[in-house]
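*Asks:* Sharing a model prediction with you, sequence too.
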Amino acid sequence: MPHHRNTTRYGVLIDGRRGGYGVVFPDLPGCTAMGRTLDEALRHAMEAAGEWAQAVSLPRPRLLEALRDDSCVKAALADGAVLAIVPLIFESGKPAKANISLDAGTLQAIDEGAGAHGLTRIARSWRVRRWRRSGGGLEPTAIRVRAPSSP
């Protein structure tokens, strides 16, 4: 498998209307997702990309400008699709301690996510960690995928 950076972002095409949206990854042939809302469709797209990444070697994502020049993407955009980005985060599987400073806006987003669940940022972090260790699904904010093993 090719070497990956810790984070990769793939351009996707989203099409549909209220109540039913579809997502297609032009750079991941056969990788698709659906959802009743845009948010749900994007969450499902992150999950689909993670599963796809576990099954096959990931190609390098094209820049959005290159995607927009692709004839199939141009046709989809002309028919009303929109272009969006889906992130993939590759985990090493090794815990690391860190005392970090964050941008105030980033910290606010973390706190808002925790507040939406009625938790503190630490409680939210522990809940997500426990959920992931129990085999739960993926966090809705980003897809996390184990990094490929070196041969």
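*Replies:* That came through, no problem. Numbers count the residues shown, from 1 in each chain.
*Asks:* alpha carbons only for contacts and neighbour counts from here, please
*Replies:* Noted.
*Asks:* Pull the contacting residues for Trp52.
*Replies:* Cys31 (CA atoms under 8 Å, 6 or more residues apart in numbering).
*Asks:* Surely Lys74 and Arg68 touch.
*Replies:* Yes. Contact criterion CA atoms under 8 Å: Lys74 and Arg68 qualify, at 6.0 Å.
*Asks:* Compare the two (neighbour count), which wins?
*Replies:* Neighbour totals were compared for Lys74 and Arg68, and Arg68 leads with 17 against 13 (other CA atoms under 10 Å).
*Asks:* Which pLDDT value does the model give the more buried one?
*Replies:* Looking at Arg68, its pLDDT is 92.
*Asks:* May I ask you to confirm that it is in contact with Ala75?
*Replies:* No. Applying CA under 8 Å as the test, Arg68 and Ala75 come out as separate, 9.7 Å apart.
*Asks:* Would you state the helices of the chain in chain order?
*Replies:* Per DSSP state H, the chain carries helices over the ranges 38-55, 64-69, 71-78, 104-116, 121-133.
*Asks:* Noted, bye for now.
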